[in-house]
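Asks: Give me a 3D structure for the following:
(2 chains)
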Amino acid sequence: MPPRVRIAPSPTGDPHVGTAYIALFNYAFAKKHGGTFILRIEDTDQQRSTQSSEAAIFDALRWLGLDWDEGPDVGGDRGPYRQSERTAIYREHVQTLLNNGTAYRCFCTSERLAAMRAEQEANKQNPGYDGHCRGIDPADAASRAEGGEAHVIRLRVPEEGETVIVDELRGDIHFSNAEVDDQVLLKSDGFPTYHLANVVDDHLMGITHVIRGEDWITSGPKHVLLYRGFGWEPPLFFHMGLLRNADKSKLSKRKNPVSIDHYRSLGYLPTTFLNFLATMGFSMGEDQERFTLEEMVQAFDWSHVKTGGPVFDGVKLDAFCGDDIRAMDPQALKDALVKHAFEGRLETLVDLSRERINRLDDFLPYISFFFGGEVDYSSVIGKMVPKKRDKKETIKVLKAYLEGIERSEAARAFTVEGLGEFSKEFAAAQGWKPKELYPLLRAAATGRTASPSLFDTLAALGKDRVRLRLRSAIEALRRLAD
RNA sequence: GGCCCCAUCGUUCAGCGGUUAGGACGCGAGGUUUUCAUCCUCGAAACCAGGGUUCGAUUCCCUGUGGGGUCACCA
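Replies: This next block holds a predicted model:
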């Protein structure tokens, strides 16, 4: 039976390189064995999921050439492929769990849960649900639920014994049931949590192999217990190592550009990017590290996959990409260059520069800072710290801004208006005048003291590039003598 | 902290009981190039530690150490 695998991203932000990484391995494995690669959207978090994020994920994965055989936008006969459209299915299935005692209704309020956690913390106990509602008579619980009392549905984890998850890459992993929490399966808003939705969907969609990041290992026993509760055969599990920051922590946007779009906008070739990603954990053997997706598919075998978490180091990616650019034929390179530089943004660049150039030939030099990654701060570094501020404070403000553009609803979409609104409030909150903040941001984002309107500039640069440069500006400031 | 995972040059991937421990990126030196880049040559650079098993351990086992993940009505 050919394998059916899936990638199940949550549309809650920019398309993540980790998603591409896991997608690549799912894809390679499926294609190697003539199987099916499925894209499922895990949008059960109604607060954070967005339509635009979903679209961006599709776009990013397609850019890389990781096309899926079934998914929300391409269809398939095991749909729908968006979890928000499957809520009836989850509710129906959770009923069988309720009926056979694998799950129970819990009426605890969030206040009680918070108090419970506080107490557990005070007593240095491991946090976890205390089973307060486990003993409620199912019939009573059902009628209370019928009466409209708010509640969630939890997994009833056996108090004794252990649950084993079979990892095809790592062998058996044993968990004592006492350590496994009574996870919420169905939230009070009627939406399932990841655990329930994932198991129900994987089963119903006929998923045979679950290839995912190792950060899921600890929830493995919950999933196994769920399969058991349903009376289903669990799929085979493969937990990949996680991509890391230079300090070995899990790859994060705080420390690294993690959006696929970032690498795309910096002009990495998608084929190179994929090849580079593949070398993180996979090898062809025989010291060969340059290969195409097709070649990887041909050679794919789990014995060539490492479980250690690789550091995602862009330096080598640059070298790979440079080699590939040199190898392109002149016409293809010319086309790629023009497309990359101007497609979709020529209009913006012209708008932003037309009042500031006198000759046609001024155009390219003027807009040059809209391209490329890090910039040279040597001509502006001396002007970055505002007159009445010091270096330390300036660094602090830049760091806060960096965090702010993630947190702020207004700034997150990185539009001209949103950035303006956010930045004004941000300055006030920091006790800085716009006159102090804006030149600093301009210098940090562009390496210049002059540019088009700050927010136009930031928006046109794009969030990832701005983030990258702000971080590098902080580094430049740190190196500056006091 | 509890539980779980991982462990070869700075990074990445080889090695799957006996090797001068290999390739790539990066780094250093030299050469080609008017310069830079490219390209070529050479070089420095690693088996986390301690116990076992074995004639023999980087390789198998155990312990320690280190790093990571996870402990939500987020995925």
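Asks: And the helices in the stretch 1-150 of chain A?
Replies: Counting by DSSP state H, counting those that start in this stretch, the stretch 1-150 of chain A has helices at residues A:17-32, A:51-64, A:87-99, A:110-122, A:138-146.
Asks: quick one: buried residues of stretch A:93-101?
Replies: A:93, A:94, A:97, A:98 (16 or more other C-beta atoms under 10 Å). (Each C-beta comes from the backbone N, C-alpha and C, glycine too.)
Asks: was I right about the first one contacting residue A:232?
Replies: No. Between residue A:93 and residue A:232 there is no contact, the gap being 10.3 Å when judged by C-beta atoms under 8 Å.
Asks: Tell me how many other residues crowd the residue in the stretch 201-350 of chain A positioned nearest to RNA strand B.
Replies: Closest residue of the stretch 201-350 of chain A to RNA strand B, C-beta to the nearest atom of the strand: residue A:283 (2.7 Å). Per other C-beta atoms under 10 Å, the neighbour tally for residue A:283 reads 16.
Asks: Format the helices of the stretch 1-150 of chain A as CSV; extra columns: distance to RNA strand B.
Replies: Shown next, in CSV, are these (distance: least, C-beta to the nearest atom of the strand, whole Å):
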stretch, distance to RNA strand B
helix A:17-32, 9
helix A:51-64, 11
helix A:87-99, 11
helix A:110-122, 5
helix A:138-146, 13
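Asks: okay, these in TSV with mean pLDDT next?
Replies: Output for those, formatted as TSV (pLDDT from 0 to 100):
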stretch	mean pLDDT
helix A:17-32	98
helix A:51-64	95
helix A:87-99	94
helix A:110-122	86
helix A:138-146	88
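Asks: Of the ones you listed, give the one that comes closest to residue A:395.
Replies: Minimum separation from residue A:395 across the helices of the stretch 1-150 of chain A (C-beta to C-beta) falls at helix A:17-32, 27.1 Å.
Asks: Which other helices and strands does the closest one contact?
Replies: In terms of contacts (3 or more C-beta pairs under 8 Å, 6 or more residues apart in numbering; DSSP states H and E), helix A:17-32 is packed against strand A:4-7, strand A:36-39, helix A:51-64, strand A:209-213, strand A:236-240, helix A:260-265, helix A:270-279, helix A:293-299.
Asks: Go ahead and measure how far it is from the middle of the chain.
Replies: Offset of helix A:17-32 from its chain centre (C-alpha atoms, centre = their mean, to the nearest Å): 15 Å.
Asks: which one of the helices and strands packed on helix A:17-32 has the most crowded surroundings?
Replies: Comparing those by mean neighbour count (mean count of other C-beta atoms under 10 Å), strand A:4-7 ranks first with a mean of 25.
Asks: Quick check: neighbours of that one in the sheet, parallel or antiparallel?
Replies: strand A:36-39 (parallel) (DSSP bridges).
Asks: Please see if the partner strand touches RNA strand B.
Replies: No. Strand A:36-39 does not reach RNA strand B (C-beta under 7 Å from any atom of the strand); its nearest approach is 12.6 Å.
Asks: Strands of the stretch 151-300 of chain A, start to end?
Replies: Assignment of strands within the stretch 151-300 of chain A using DSSP state E, counting those that start in this stretch yields the ranges A:152-155, A:162-167, A:171-176, A:184-186, A:209-213, A:236-240.
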